[in-house]
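Colleague: what shape does this take:
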Amino acid sequence: MFGIALRTLRKRTGSFVATFIALLFGTALVVGCAGLLESGITTAVAPQRLAEAPVVVTGAQSFQLPQDDPDAPRDPDDELDTQEATLPERMRLDPNLVSTLKKVPGVAEAVGDISFPTTVAGDGVATTGHGWDSAALTPYRLDAGTPPGSGDVVLDRDTAERTGLTVGDRADVSARGDSTGFRVSGIAAPEAGNTPSTSALFFTGTDAERLSGNTGNVDAIGVLSQPGTNRAELSAAIESALAGTPATVLTGDERGLAEFPEAQDRSVDLISLSAVSGGMATAVAMFVVASTMTLSIQHRRRELALLRAIGATPGQARRMVIGETLVTALLAGALAVLPGILLGDRLFGQLTANGVVPQAMEYRQSWISVLSGAGAVLLAALLAAWVSGRRAAQSRPVDALTDAAIPRRWVTAFRVITAILCFGGGLALFIVTVAVMTGPVAASTAGPSVLLWAIGLAMISPGATRIAAAVLRPLLRLVTGAGGYLAVLNARSRVVLVASAVTPIMLAVGVTTANIYLQTTQDEMSERARTESLRADAVVNSAPSGLPADLLPKIQSLPGVAGASETADSRVFVVDPFEGTQDDEGFPALGLTGSGAAATTSIRLTEGDLADLTGNTVVLPSEYAKILGRGVGDTITLRMGDGSTEDVQVVGIADQSEDEDQRFLLPARLLAAHTTDGVATTILVRAERSTDPARLLTSVRQLTADQPGIAVSDRAAVLATQAEDQRTGAWVNYLMSAMITAYTVIAVANTLVMATARRRREFGLQRLTGSTRAQVMRMMGIEGVLVALIGILLGTVVAALGIMPFTLVASDSIMPSGPLWIYLTIVGIAGLLTLLATLAPTWSATRAAPVEATNDLS
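Modeller: Model (predicted):
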């Protein structure tokens, strides 16, 4: 039967090409998404400044977050249920570990490294400060001058060339907002072929510690091995020596995480993005492939019945169908691997260019993700071939001599069960979104429901198509006359085949409309929240090196200032009391200055006073105050972003807008001290009512004019910048949606061309009975309009069911935010594509003489 399968493929190029296209593009799409997922999981970050060290030790950037109350009584054999959570800030190490590592056999040297943001006066490029000892970890070599002494700095070659500084010159270096003059003692350059992406400044260990603000801790420890030492054995020995300490041993490309700790946290975002988008892409691809395979086999029911009539058994016919599918899928899969890898790499490059993932992170795709992606599509194709082939192979031999080749039965146990499960899942997500979710997070449940509604409706599409055709029949007959009558008659008599053409249109319209309007609604929601929450008339943004510690009181003392507040952002985890609903990302935290928070933000308290937000205090969102069972005056324990814990007293309960993330509010200085940079990033300034905001803006700019790298913006400029950042994030979602939409568009064209082209015999019979070619074209044009209308109608229903719960949460409306032209464009493209994919193959199929067309038994 496999030999017959190969011969039939050669004879049936139309069906082969249609199936091949669906498999080729589907496999490429899934393989590309699998590559993104693998890149997020592996988090490959090649070391740059620490490249010379074969082993690098850092603080553990993850910890086990309890999912059960640790203090609750439990059976001794029951293990505590936990999940791994990632710290958003750098966790630093005890410097005594350097001495511990120096004693490990095979270690030639262990060097403690600290990194802190710096800027050099006259240079707009961010640099990073380090102790001179860590220069050996790259390694850097002196091109000129000497190593630094107290009050000295060694510049790397790039910084020296940009600033024009040479040995002996004075360099004004800003760190943590304070500017200090240093003598340039030397110029250093990395060894050839190892150029870090960030420029470096080197100080003595004492000066580096003072500038960084570290209390003796180190960011990482680079380990240099003795000649001939086995790296795997050295790594194992170091892990043994560090047992019981909050340290992680990194080797290979993992060493880059010591230089770019944000990559660990951002990789989680990439995993989430690729899992959601890739999961939807995989589901769409598998669904389209299965639909194409089913349609292709339905078109061959007459041929399979003829095989039965000449003695083929159902098993032989089924094996032939599966053999054809296997050959086509293997060929398409093999050819799709390279395009899939290139697609994933291209998508990763776009994500990197737009700041979704760090520049230092690398795209990695192994044979595992390639085989997994290709195998998923192959499995979908074979499953569809087995199900459809089994049904077609059971055709009665007498069907070969009748018109029973047109399938009419569509209600099967598989369709019914799948539809019930999908509709049940979609309804459950609808209810959860409306009843439980708040704010932007509601999109996380509203989005996946779109696919469930689409698949569920696809399972009953023949029935839905019959109903829609009946509803549209009077309108079509009124507008188009006899042509409309024939089109509706064809649709009703061939409802299963028409539904096969309707389904991809429904999928394309539904998924595209839902994804775009979910994003536009989120954008409007976020913009409204930003506009309402920001009350500042002037915003001071720090240079890469941070804000000066004395800048806030200076601004507060300016005439006309109603209030000023520093801000900092991070995430925190609740340690005590136990909070079982927090996920591995913890809670967003916003740092504010208590004395200026009320004037510069729109945060409202139901209890307490924002002015009390000083020292070790916190203001809880009302929602989480109820969950934690804590109120004003109570104390809770938080794990900060760098892994340390702080006991904080509740001084207020905030009634935060549902449009925003529910944030914990802490004093800016407290929160900033537990961030990687250790300083506040922004100061919000509010003018008194009697003060012109423009005059205040000028006063703040004059005050900060001598501070390198500090920018002062008005409220409109800040909102515009935030909107641009929002558009960048939205662009990522649009990109992933466009990728899925492009595939569904290909599927629409592919399905319609295949469905129309195989009707050559029918068109020939019509022309033999008196119809002209123009009349056939007109009939098919009307039929294309009918198919498009039904697909658009069902797709709109799918989109509405997915969008509605989110819009109810976001704006108490069933209508999404966003311009109407988006929907009209989607509908217009779907309609135009349907007509083109219907009329083009019809024109091709009617070129032959009617008698020749009737000889086609396909």
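Colleague: and the gap between the nearest residue in space to Trp132 that is not next to it in sequence and Thr691?
Modeller: In this structure, Trp132 finds its nearest non-sequential neighbour in Phe202, 4.5 Å apart by CB to CB, 6 or more residues apart in numbering. C-beta here means a position set from N, CA and C on the backbone, and glycine is covered the same way. To Thr691, Phe202 is 46 Å away according to CB to CB, to the nearest Å.
Colleague: which sections of the stretch 351-500 of the chain are below the confidence cut-off?
Modeller: Along the stretch 351-500 of the chain, segments meeting pLDDT under 70 span 388-410, 435-447, 482-484.
Colleague: recalculate using a threshold of 50.
Modeller: The model of the stretch 351-500 of the chain has pLDDT under 50 over residues 400, 403-405.
Colleague: quick one: the helices in it?
Modeller: Assigned by DSSP state H, counting those that start in this stretch, the stretch 351-500 of the chain shows helices spanning 367-393, 413-435, 443-459, 461-480, 482-493, 495-533.
Colleague: could I get those helices as CSV with mean neighbour count?
Modeller: Listed next are the helices of the stretch 351-500 of the chain as CSV, based on neighbours: other CB atoms under 10 Å:
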stretch, mean neighbour count
helix 367-393, 20
helix 413-435, 16
helix 443-459, 23
helix 461-480, 18
helix 482-493, 19
helix 495-533, 24
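Colleague: closest one to Arg639 among these?
Modeller: Nearest of the helices of the stretch 351-500 of the chain to Arg639, taken as CB to CB: helix 443-459 at 24.0 Å.
Colleague: so how far is the closest one off the chain centroid?
Modeller: Relative to its chain's centre, helix 443-459 lies at 18 Å (CA atoms, centre = their mean, to the nearest Å).
Colleague: which helices and strands does that helix pack with?
Modeller: helix 262-298, helix 413-435, helix 495-533, helix 773-811 (3 or more CB pairs under 8 Å, 6 or more residues apart in numbering; DSSP states H and E).
Colleague: what are the contacting residues of it?
Modeller: By CB atoms under 8 Å, 6 or more residues apart in numbering, the residues outside helix 443-459 that reach it are 276, 280, 283-284, 287, 291, 415-416, 418-419, 421-423, 425-426, 429-430, 432-433, 437, 464, 503, 506-507, 510-511, 514-515, 518, 522, 794, 797-799, 801-803, 805-806.
Colleague: separation between the residue lying closest to Val57 once chain neighbours are set aside and Thr100?
Modeller: Computed as CB to CB, 6+ apart, the closest residue to Val57 that is not its neighbour in sequence is Ile221, at 4.3 Å. As judged by CB to CB, Ile221 and Thr100 stand 9 Å apart.
Colleague: show me which of those two is the more surrounded one.
Modeller: Taking neighbours as other CB atoms under 10 Å, Ile221 and Thr100 compare with Ile221 leading, 29 against 18.
Colleague: backbone dihedrals for the more buried one, please?
Modeller: Ile221 adopts backbone torsions of phi -130, psi 120, taken as degrees, to the nearest 10.
Colleague: also Val651?
Modeller: phi -120, psi 0.
Colleague: residue contacts, the closest residue in space to it that isn't next to it in sequence?
Modeller: Distances taken as CB to CB, 6+ apart place Asp612 nearest to Val651, at 4.0 Å, with adjacent residues excluded. Contacts here follow CB under 8 Å, 6+ apart; on that basis Asp612 touches 594, 651-652.
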